[in-house]
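**Q** Next one to model:
(2 chains)
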Number of protein chains: 2
Amino acid sequence: MPKIVVDVMPKAELLDPQGKAVAGALARLGNTAFSDVRVGKRFELTVEGAVDAEVLASVRAIADDLLSNGVIEDVVDITVLDESGAHSGAGASGALA
Amino acid sequence: MPKIVVDVMPKAELLDPQGKAVAGALARLGNTAFSDVRVGKRFELTVEGAVDAEVLASVRAIADDLLSNGVIEDVVDITVLDESGAHSGAGASGALA
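**A** Below you'll find the predicted structure:
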């Protein structure tokens, strides 16, 4: 069954303590190639049946209302994965980025 | 500066209570199009300089050792985003899927 992936990240202007902790750990372990780390959430919604415009619209509403807190988070990407798990449907990907 | 995105999801055979809670909320709100929801993590690592094979190898090691718990989680995707935020580098995407 197709899956829809919703990516939610903390807003760029907000401090992300979890990301700072990871960045600090990387620096302590000697990885100096990374200047910043941010940690967000990835939701995988398994869709019953086909992904049509109605389902995508409902996922956009769910992403804004239920899966993210608009005060501190942004929905950065909504992507449709086909059965094999490969990315598909560029029309859906990045629509809200 | 380029970003590398690491996606970590709970293993398919494990119960995901957070995902079950979201799925239950969706059902209560009348969204019956979705049969399952799983919640994972999305890490965005900002790279100082260019993304070369060495940086990608180090990200793969970091993803396995630091960003995911191999007992309960899988690294499902490692993707390079260019400056504009668009996906690029299919060679990196899905390399560990």
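**Q** Please make it C-alpha for all contacts and neighbour counts, starting now.
**A** OK.
**Q** Provide the contact partners of the lengthiest strand in chain A at residue level.
**A** When chain A is parsed with DSSP state E, its longest strand is strand A:34-47. Contacts to strand A:34-47, defined as CA atoms under 8 Å, 6 or more residues apart in numbering or on different chains, come from residues A:1-10, A:16, A:18-20, A:22-23, A:67, B:7, B:9, B:19, B:33-48.
**Q** Parallel or antiparallel, which strands does it pair with?
**A** Applying DSSP bridges to the sheet, strand A:34-47 is found paired with strand A:3-10 (antiparallel), strand B:34-47 (antiparallel).
**Q** Give the next helix or strand downstream of the shortest one.
**A** Following the chain from strand A:3-10 toward its C-terminal end, the next helix or strand by DSSP states H and E is helix A:17-28.
**Q** That next one packs against which elements?
**A** Contacts defined by 3 or more CA pairs under 8 Å, 6 or more residues apart in numbering or on different chains; DSSP states H and E place helix A:17-28 against strand A:34-47.
**Q** In this structure residue A:1 contacts residue A:49, no?
**A** Yes: if you go by CA atoms under 8 Å, residue A:1 and residue A:49 touch, sitting 7.0 Å apart.
**Q** In terms of pLDDT, where does the residue lying closest to residue A:33 once chain neighbours are set aside sit?
**A** Leaving out its chain neighbours, the residue that sits closest to residue A:33 by CA to CA, 6 or more residues apart in numbering or on different chains is residue B:48, at 5.4 Å. With respect to pLDDT, residue B:48 has a value of 91.
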